[in-house]
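Chemist: starting from these lines, generate the structure:
(one chain, ligands or ions: 1)
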Amino acid sequence: MKGKKRNLAAGGLVLAAVLAAVAAEEPRWRHARELMVQHQIARPLDGREPVRDPRVLQAMRSVPRHEFVPANQRDFAYDDRPLPIGLGQTISQPYIVAMMTELLQVKPEHRVLEIGTGSGYQAAVLSPLAREVFTIEIFEQLARSARDRLARLNYTNVTVRHGDGYWGWPEAAPFDAIVVTAAANHIPPPLLAQLKPGGRMVIPVGNVFQVQNLLLVEKGKDNRDLKIHSIMPVLFVPLLGEHPPAAEK
Ligand SMILES: C[S@@+](CC[C@H](N)C(=O)[O-])C[C@H]1O[C@@H](n2cnc3c(N)ncnc32)[C@H](O)[C@@H]1O
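Modeler: All right, here's what the predicted structure looks like:
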């Protein structure tokens with residue numbers, strides 16, 4: 001009986017310690033996120049184009065990025081750079097996530113497709129901005145852990161699928177916006193076909209392991225005209241999988 005009491009007391013102490021750690025930790029992360037938004041995204045110190053959309057800034061402020069990185073990377077979660085998430089993949093730099101999100105001009109009624117779930121962070125940033133988010137990841141292990149993480153953190157409007165995102169998600173199409181977070185050597189025609197008239201796609205295109213070009217693709221309301229804008233040089237991991245070469249023009 002005495003032993004049981006001692007265990008309860010010890011359990012109480014552990015619980016108290018955990019609660020104290022959480023209480024002490026949260027303001028620290030919140031502060032780090034606020035600094036990230038102010039100095040890297042809304043008013044970058046190095047002259048980068050600021051991200052101004054208040055809804056996007058609010059989403060960046062709200063998503064606990066430290067929950068999306070491996071334990072040994074947590075202290076760097078709010079640094080101005082991508083971080084490794086295993087299997088040779090990365091969680092993108094916060095500024096790039098914010099910029100790509102702003103370019104999509106997501107509205108509350110929109111359904112959005114992401115290619116390259118990775119940690120699930122970009123999907124979590126899109127979650128409060130959209131009606132539904134669909135995201136595809138080619139590595140089953142990453143898809144599974146992102147699905148679990150997003151559910152644990154209550155991002156209930158995000159659906160994760162394991163598969164090759166080059167082919168999109170035909171059963172859930174069409175989408176108001178599509179974001180591709182791995183570099184392709186051409187714009188995948190299935191993704192263009194699954195974009196609504198008037199929809200927007202953001203995708204890095206170029207040679208892998210070299211600087212690529214972040215493109216904004218706007219599909220005309222008549223479902224035909226495409227406007228392609230070159231936004232900025234970026235460095236993404238490659239879009240994996242066996243795909244047909246780009247069609248001849
Ligand atoms: C830069 S990481 C994306 C980071 C992610 N958006 C996040 O917020 O953590 C690129 C991701 O694309 C995935 N990927 C690469 N090729 C893919 C493909 N064909 N289909 C789906 N996912 C792919 C990689 O496995 C990797 O997780």
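
Chemist: show me where the protein has its helices.
Modeler: 2-36, 54-62, 94-104, 121-126, 140-152, 189-193 (DSSP state H).

Chemist: lowest average pLDDT across these?
Modeler: Lowest mean pLDDT within the helices of the chain: helix 2-36, a mean of 66.

Chemist: and stretch 55-72, how far from the chain's centre?
Modeler: 10 Å (Cα atoms, centre = their mean, to the nearest Å).

Chemist: same thing with stretch 38-48?
Modeler: 19 Å.

Chemist: please identify the buried residues of that stretch?
Modeler: Residues of stretch 38-48 classed as buried by neighbour count (16 or more other Cβ atoms under 10 Å): 40-42. In short, each C-beta sits where N, CA and C put it, glycine included.

Chemist: and what of stretch 134-153?
Modeler: Here stretch 134-153 shows 134-139, 142-143, 145-147, 149-150, 153 as buried, counting by 16+ other Cβ under 10 Å.

Chemist: so which of those also contact the ligand?
Modeler: 136-139, 142 (Cβ under 6 Å from any ligand atom).

Chemist: got a list of what residue 229 touches?
Modeler: Residue 229 sits next to 215-218 when contact means Cβ atoms under 8 Å, 6 or more residues apart in numbering.

Chemist: report the separation between it and the ligand.
Modeler: 21 Å (Cβ to the nearest ligand atom, to the nearest Å).

Chemist: so what pairs up with that residue in the strands?
Modeler: residue 216 (DSSP bridges).

Chemist: what does stretch 138-146 rub up against?
Modeler: With Cβ under 8 Å, 6+ apart, stretch 138-146 has contacts from 85-87, 89, 116-120, 123, 135-137, 160-165, 240-241.
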